[in-house]
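>>> Only the shape, not the letters, is given here:
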């Protein structure tokens, strides 16, 4: 039978104030938990606060981000397939990405983390056809210089974007990657390239046309679409904007539409 030793109340209280649990103190001193509980009455042990301190350390200071190529790129992405939503006591930045283009998902996630200094969450959409990138912050409209809520027809695209071509290029790149495409098609016996952009929001469409004109590319507008069909210049545009290769669609000719001589080859 183990011989119980006298309980040192001062030692019990010291260990308890250091955050030791009743069970751990009892095992350490070789006494019962009841004895430990008796000597530690009235001692309040605060719960760890590391989680709260970590969250405070990652919150933004609410200051607007200065103009940069990265911010222009993110602005184009948000104008395309992004939004800033008003939530209770905070705002949510959400960017939708087609699941067929995982490279863009990684690019946008890294871009958001770089600018906002916090890791966004990624969630799968309906039937995994798209993925969403989301980040919460109560200062998002101020930080990004964009309004929250649905994009109205007078959606204010920041004017600083058009002050330098180094801002215009990433802005247009973000728009094309989200709401546009570059196509290569076989037509009339040869291959041709074209760039399409679609936006029902008039302010965003005007910003796109203004930006591409500054870059030297004249798009032709048809209702909600803007088109550019000069093959050599389309390829030049793709290179100048550094568009992701997985956003380029190759539409191969159907054999039923080709002459038999070509079909045999």
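That came through fine. Because the structure is predicted, anything quoted here is derived from the model rather than measured.

>>> Mind jotting down where the helices sit in the stretch 1-150 of the chain?
For the stretch 1-150 of the chain, the helices defined by DSSP state H, counting those that start in this stretch occupy 9-17, 22-29, 33-39, 50-58, 69-81, 102-116, 140-144.

>>> Give the residue spans of the stretch 151-265 of the chain that score low on pLDDT.
Residue ranges of the stretch 151-265 of the chain with pLDDT under 70: 244-265.

>>> just the helices in it please.
165-179, 202-214, 231-241, 260-264.

>>> Please dump those into TSV; it should also carry mean neighbour count and distance to residue 132 for every row.
Placement of C-beta: from N, CA and C, glycine included. Shown next, in TSV, are the helices of the stretch 151-265 of the chain (neighbours: other C-beta atoms under 10 Å; distance: least, C-beta to C-beta, whole Å):
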stretch	mean neighbour count	distance to residue 132
helix 165-179	23	13
helix 202-214	19	20
helix 231-241	16	24
helix 260-264	9	44
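
>>> Do you know the pLDDT at residue 34?
For residue 34, the pLDDT comes out at 82.

>>> wait, what's in contact with it?
Under the criterion of C-beta atoms under 8 Å, 6 or more residues apart in numbering, residue 34 has no neighbours.

>>> let's see it at 10 Å
22, 26 (C-beta atoms under 10 Å, 6 or more residues apart in numbering).

>>> ditto for residue 214
161-162, 164-165, 168-169, 172.

>>> and with 6 Å instead?
Listed by C-beta atoms under 6 Å, 6 or more residues apart in numbering, the contact set of residue 214 reads residue 168.

>>> Repeat that for residue 234.
193-195.

>>> For residue 24, see how far away it is.
70 Å (C-beta to C-beta, to the nearest Å).

>>> hmm, back to that, which one among the contacts of residue 234 gets closest to residue 155?
Top of the list for closeness to residue 155, among those and by C-beta to C-beta, is residue 195 at 22.3 Å.

>>> Around that closest one, how many other residues sit close by?
When neighbours are defined as other C-beta atoms under 10 Å, residue 195 has 24 of them.

>>> So what sits opposite it in the bridge?
Here residue 195 sits in beta bridges with residue 182, residue 228, going by DSSP bridges.

>>> my read: it touches residue 228, true?
Yes: in terms of C-beta atoms under 6 Å, residue 195 counts as a neighbour of residue 228; the distance is 4.4 Å.

>>> isn't residue 36 right up against residue 22?
Yes: if you go by C-beta under 6 Å, residue 36 and residue 22 touch, sitting 5.1 Å apart.

>>> Neighbour count for those two, which is higher?
Ranked by neighbour count (other C-beta under 10 Å), residue 36 and residue 22 place residue 36 first, with 25 against 18.

>>> What residue, apart from its backbone neighbours, is nearest residue 229 spatially?
Computed as C-beta to C-beta, 6 or more residues apart in numbering, the closest residue to residue 229 that is not its neighbour in sequence is residue 194, at 4.4 Å.
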